[in-house]
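Enquirer: I would like to see how this sequence folds:
(chains A and B)
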Protein chains: 2
Amino acid sequence: MNAPATTTDTALATTMRGLGMRARTAARALARAPTAQKDAALAAAAAAIRAGGEAIIAANARDMQAARERGLSKALLDRLLLDAPRIEAMARSIDEVIALPDPAGQVMAEWTRPNGLVIQRVRVPLGVSGIIYESRPNVTADAGALGLKSGNAVILRGGSESFHSSTAIHRCLQQGLAAAGLPVEAIQMVPTTDREAVGYLLGHMQEFVDVVVPRGGRGLIERVMQDARVPVIGHLEGICHTYVHRSADVDMARQVTLNAKMRRTGICGATETLLIDRDCLATHYAPIADALVAAGCALRGDAEICARDLRAQPATEADWHTEYLDAIISVRVVSGVEEAIDHITRYGSGHTEAIVANDPAAVARFFRDLDSAILLHNASTQFADGGEFGMGAEIGIATGRIHARGPVGAEQLTSFKYLVRGTGQIRP
Amino acid sequence: MNAPATTTDTALATTMRGLGMRARTAARALARAPTAQKDAALAAAAAAIRAGGEAIIAANARDMQAARERGLSKALLDRLLLDAPRIEAMARSIDEVIALPDPAGQVMAEWTRPNGLVIQRVRVPLGVSGIIYESRPNVTADAGALGLKSGNAVILRGGSESFHSSTAIHRCLQQGLAAAGLPVEAIQMVPTTDREAVGYLLGHMQEFVDVVVPRGGRGLIERVMQDARVPVIGHLEGICHTYVHRSADVDMARQVTLNAKMRRTGICGATETLLIDRDCLATHYAPIADALVAAGCALRGDAEICARDLRAQPATEADWHTEYLDAIISVRVVSGVEEAIDHITRYGSGHTEAIVANDPAAVARFFRDLDSAILLHNASTQFADGGEFGMGAEIGIATGRIHARGPVGAEQLTSFKYLVRGTGQIRP
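Expert: The predicted structure follows:
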């Protein structure tokens, strides 16, 4: 395929197309690399991160300084910060990726046709993945490692506020590749904070990029969905629900809801709305609400909740649509599992929902009729996480329905091909 | 999500959004429908097609008449034509879809975490699929049946030249749905031949359409890829190769190549280029070329072929890029499997390639280093077909790398969700 003639043949285009061409070449080498070689590169990268901790922290200090000067919020500063424990966690996350099975080359299915043809479906790397993310610099390590493990070349585009941190981490990943004799272009970073670069990656790199995985807030995701001419593994926000059915154990409902909301409020798997059956309001509501308030959570309730609990502020229509990512929970009373399903279908983002119940029929209904990426029974929504699913690190939680859904790990960065073995068969 | 404010709030937009909303509602009903009910609808649809054969043929006669007046080519007229055997074949294709397992609800994987959480990955319908196709009216039946089997609502947009035929077939499919008590909106047809409708479907229906599957020629596919703001299961043309390795059995090479090229020249799995090892040119070329010429095939060769075979015209650079879909084959001499792989990587479309060889090392290399959707050993490229793979009907052969690849059948119109069963687990 020839390059399309564009009017954007600027310096940026040259830079981006250069990244793309090198990624394509590296992807071919990576697709043929044995597992041991890829794992050796990962091990060397983890070692380089551990050895280079001081340099990474120094680079991070530059980012932190600039972020403070720009007046970034405390929450954002915390996301940006790297210290020794976080650097060790980053390296350990690579160790975990090494321990995963290599998805590339796995035989996913095999069958024999009546004419004797033996058909295998075999996993192959997707090719070149573009990962667009925001402030957390550790995504640089996670995305690079998962891409490498699955045999993908990756083009990383992190947030401008973490540019120096990501660059330092990226250097360690490339050291790992070089040490194992793999092309360093297997993990590339967009070398500029120019915002146009994202537009170019999304709109003009169809030849070079097989998929884009965006990880970040609503603004980023919407931009990606709007501008992408390349396939996207979709991520939306996590408007997650915990539903307490009348058959729920009170203590379990309290513990699960408290954990789902308050363990960490800033992650996409945190519960934002509690739905509770009218039939168990008298017995179950107070223990749950007291525990939440005691942990520092604000309540926004519907009319029935506000009538019962003076601590609750009235929830508006907007509350049911809101991913607070904060110590706030909206609470609505429902008449049963059907109304809970209706509420979630209407307001949810298809991410993660939990039911606390002992009635198998209610659970079956919840599991059948809801269509979120993750549905849990008697467990906290905060388990919505690639690591907790046993996938090692993750690039994010996909809420789209195409290709990948739920945690995006190494396996989700693969495609497949069919290998058909015959003995001279021709088609009649 | 609210409808985006657009300036296209015309009659077309109203029509298209109406289709979308009804499809979304029908998809919810279909996702909950038991297999037996979906199969009953399919059986009633097949019966309606058999019973309504005369009406379908009458509708087709209108399309044929208009097509002749517009001077369509003989090949296109043949694609468009419906007669009694073709109508029976269409109904039989639905019978085959009934016999397939229902992909929705299948447990794809299940594992238990150290904390006792039991995680299942369960197949679910994709939701609403838009199928855009060209002249063959039987795609209406195939796409409708595969969508229904997998629990998807479909919005069908066929070629304008087959509009009356498709409308008649569509009526039979809706009769089937109604007979089984399923919403007729599960299979809808865009009720206009207005070309703008395709643009609206691709660009403004993100709320209502989960995936678009285009099936047709290069012009259609390129338009879809360019305009789509919804996910696309990509299809490119089939520039398929048959490679004869020096270790190939001569007779097998002759039979497989002849079948791959000439069984049907107009399908995407037809071989367009023959690559042959220099080392076996003296023994293998003449039998293959003689058989092709005897069957009416024209030869376009590289310099070595033209020097050896006066029947061959010189191939130009464009020939290696061309999907003839006709009784023409381009032939190139290569030095071995590596050069064959290089040629296919450069000129192929990632569809289907075959190697004829008895040397296992050459086959292994071909299978490892090529990355087309389908790779065959000692078998004809014409096996690139959902039916031949055991998938029943097919909507097409995907050459993209995202979500589906190779034949697109009922299973490829599914996504999945995770069901997680706990006993009160909270995340530490």
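Enquirer: which SS class is A:Q206?
Expert: coil (DSSP: H, G, I helix; E, B strand; the rest coil).
Enquirer: State the distance from it to chain B.
Expert: Here the criterion is Cβ to the nearest Cβ, to the nearest Å. By it, A:Q206 lies 7 Å from chain B. (Each C-beta comes from the backbone N, C-alpha and C, glycine too.)
Enquirer: Give me the pLDDT for that residue.
Expert: Per-residue pLDDT puts A:Q206 at 89.
Enquirer: Could you do the one 4 residues further on as well?
Expert: Confidence at A:D210, expressed as pLDDT, is 94.
Enquirer: Also A:D9?
Expert: We have a pLDDT of 60 for A:D9.
Enquirer: Over to A:L76?
Expert: pLDDT, A:L76: 85.
Enquirer: Write out the residues of the stretch 151-300 of chain A neighbouring chain B.
Expert: Residues of the stretch 151-300 of chain A lying close to chain B (Cβ under 8 Å from any Cβ of the partner chain) are A:206, A:210-211, A:225-226, A:229, A:231-232, A:234, A:249, A:252, A:255-256, A:258-260, A:263.
Enquirer: rerun that using 6 Å as the cut-off
Expert: Residues of the stretch 151-300 of chain A found near chain B (Cβ under 6 Å from any Cβ of the partner chain) are A:210-211, A:231, A:252, A:255, A:259, A:263.
Enquirer: Closest one to B:I131 out of those residues, please.
Expert: In terms of Cβ to Cβ, no member of those lies closer to B:I131 than A:P231, at 18.2 Å.
Enquirer: Is the closest one in contact with A:V211, as I believe?
Expert: Yes - the pair A:P231 / A:V211 is scored as a contact, 4.9 Å apart, by Cβ atoms under 6 Å.
Enquirer: For the closest residue to chain B within the stretch 201-350 of chain A, what is the enclosing helix or strand?
Expert: Chain B sits closest to A:N259 of the stretch 201-350 of chain A, with a gap of 3.6 Å, by Cβ to the nearest Cβ. Using DSSP states H and E, the element containing A:N259 is helix A:250-262.
Enquirer: Chain A - how does it break down into domains?
Expert: A:11-235+A:403-420, A:240-386 (automatic domain parsing).
Enquirer: Pick out the shakiest of these, pLDDT-wise.
Expert: Among the domains of chain A, domain A:11-235+A:403-420 scores lowest, at a mean of 94.
Enquirer: what's the first-to-last distance across that domain?
Expert: 45 Å (Cα to Cα, to the nearest Å).
Enquirer: do stretch A:150-159 as well
Expert: First-to-last residue span, stretch A:150-159, Cα to Cα: 24 Å.
Enquirer: go on, stretch A:386-405?
Expert: Span of stretch A:386-405 from end to end, Cα to Cα: 11 Å.
Enquirer: which residues touch that stretch?
Expert: A:93, A:96-97, A:100, A:142-143, A:146, A:213, A:215, A:233-236, A:268, A:349-351, A:373, A:384, A:407-409, A:412, B:126, B:210-211, B:231, B:402-403, B:415-416 (Cβ atoms under 6 Å, 6 or more residues apart in numbering or on different chains).
Enquirer: Stretch A:395-403: how far from the chain's middle?
Expert: 7 Å (Cα atoms, centre = their mean, to the nearest Å).
Enquirer: circling back to that earlier point, would you list the domains of chain A in CSV and tack on distance to B:A379?
Expert: Compiled in CSV, the domains of chain A are given as follows (distance: least, Cβ to Cβ, whole Å):
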stretch, distance to B:A379
domain A:11-235+A:403-420, 6
domain A:240-386, 39
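Enquirer: In TSV: these, plus mean neighbour count.
Expert: Listed next are those as TSV, based on neighbours: other Cβ atoms under 10 Å in any protein chain shown:
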stretch	mean neighbour count
domain A:11-235+A:403-420	20
domain A:240-386	20
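Enquirer: Name the nearest residue to the residue of the stretch 201-350 of chain A closest to chain B, ignoring sequence neighbours.
Expert: B:I426 (3.6 Å; Cβ to Cβ, 6 or more residues apart in numbering or on different chains).
Enquirer: What of A:G176?
Expert: A:A45 (2.8 Å).
Enquirer: how about the one you found, what does it touch?
Expert: With Cβ under 6 Å, 6+ apart, A:A45 has these contacts: A:172-173, A:176.
Enquirer: Filter those residues down to the ones in helices?
Expert: Under the assignment DSSP state H, these contribute A:172-173, A:176 to helices.
Enquirer: From these, pick the one nearest B:E272.
Expert: Using Cβ to Cβ, the ones in helices among the contacts of A:A45 come closest to B:E272 at A:L173, 41.4 Å.
Enquirer: what about that closest one, distance to chain B?
Expert: In terms of Cβ to the nearest Cβ, A:L173 sits 24 Å off from chain B.
Enquirer: ok, now A:R171?
Expert: 30 Å.
Enquirer: what do you get for A:V420?
Expert: 4 Å.
Enquirer: Quick check: that residue vs B:R405, distance?
Expert: 14 Å (Cβ to Cβ, to the nearest Å).
Enquirer: same deal with A:L77?
Expert: Distance from A:L77 to B:R405, by Cβ to Cβ: 44 Å.
Enquirer: swap in A:F366?
Expert: A:F366 is 33 Å from B:R405, by Cβ to Cβ.
Enquirer: and the nearest residue to A:A398 once chain neighbours are set aside, helix, strand or coil?
Expert: The shortest distance from A:A398 to any residue other than its chain neighbours is 4.7 Å, reached at A:A404 (Cβ to Cβ, 6+ apart). With three-state DSSP as the basis, A:A404 sits in coil.
Enquirer: Repeat that for A:T273.
Expert: strand.
Enquirer: pretty sure it is touching A:I328, no?
Expert: No - the criterion here is Cβ under 6 Å, and A:T273 misses it with A:I328 at 10.3 Å.
Enquirer: Please enumerate the helices of the stretch 1-150 of chain A.
Expert: A:11-32, A:35-51, A:53-69, A:74-80, A:84-99, A:138-149 (DSSP state H, counting those that start in this stretch).
Enquirer: Now tabulate those helices in a markdown table and tack on distance to B:V107.
Expert: Shown next, in a markdown table, are the helices of the stretch 1-150 of chain A (distance: least, Cβ to Cβ, whole Å):
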| stretch | distance to B:V107 |
| --- | --- |
| helix A:11-32 | 30 |
| helix A:35-51 | 28 |
| helix A:53-69 | 43 |
| helix A:74-80 | 37 |
| helix A:84-99 | 26 |
| helix A:138-149 | 25 |
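Enquirer: of those, which approaches A:V122 most closely?
Expert: helix A:11-32 (11.8 Å).
Enquirer: chain center to the closest one, what's the gap?
Expert: 24 Å.
Enquirer: what's next to that helix, contact-wise?
Expert: So helix A:11-32 is contacted by A:125, A:127-128, A:151, A:153, A:155, A:183, A:185-186, A:188, A:196, A:200, A:205, A:208 (Cβ under 6 Å, 6+ apart).
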